[in-house]
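Colleague: Predicted model follows, preceded by the sequence.
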Amino acid sequence: MTRLLALDDDNPKTALGARKPDVSLIPPAALIYMALGMGNGAEKYGPYNWRKSRVSGRTYVAAACRHMLAWLDGEDNDESTGGSKLPHLAHALSSLAILADAIETGNLIDDRPPPGAAGVLIDKWTKRDVTPAPVVPQGPRSNQTPPSKARKSRRRS
């Protein structure tokens, strides 16, 4: 694990903290999205419900995939019948967080199929020595406020 922050003081707490995972690298937007999704789930099922009884891994993988596919297909928020109106990515992140927590707390029912060839196929079909296409900046979607308009001035004096 590489530490990205420089140790610029002699505080022993800094040296100790430098050996631990640097959670400051998690984008705040991801944490906020996850909090929204987890809050929605807590209202529907109760907080930390997956710790009270074991959960099927595929249930959460399927949910994360559905929300990511909806987002990829151009739908930013869950507008389905009974949908939360929250961002699909909030639900996807929450599903993956629950999956990780269930693994680490021993509450996962590992119902994955027998191992397949996904890794081998990805490697096989990965294009080698290809110059990446230039990234063309795109404007915000019509239903999104551009970040420069949404952000309030944060002047510091």
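Modeller: It's in. Residues are numbered from 1 along each chain as shown.

Colleague: Tell me who's in contact with Ala63.
Modeller: With contact set as Cβ atoms under 8 Å, 6 or more residues apart in numbering, Ala63 has these partners: His91, Ala92, Ser95. Any C-beta I mention is one placed from the backbone N, CA and C, and that applies to glycine too.

Colleague: please redo it, this time with the cut-off set to 7 Å
Modeller: Shown in contact with Ala63 (Cβ atoms under 7 Å, 6 or more residues apart in numbering): His91, Ser95.

Colleague: tell me the SS of the residue nearest to the spatial centre of the chain?
Modeller: When the chain is reduced to its mean C-alpha position, the nearest residue by Cα atoms, centre = their mean turns out to be Leu93, at 3.5 Å. The assignment at Leu93 comes out as helix when based on DSSP: H, G, I helix; E, B strand; the rest coil.

Colleague: so it touches Ala35, yeah?
Modeller: No. With contact defined as Cβ atoms under 7 Å, Leu93 does not reach Ala35; the gap is 9.5 Å.

Colleague: Which strands and helices lie in contact with the helix or strand harbouring Gly119?
Modeller: According to DSSP states H and E, Gly119 maps onto helix 118-125. Packed against helix 118-125 by the contact rule (3 or more Cβ pairs under 7 Å, 6 or more residues apart in numbering; DSSP states H and E) you find no helix or strand.
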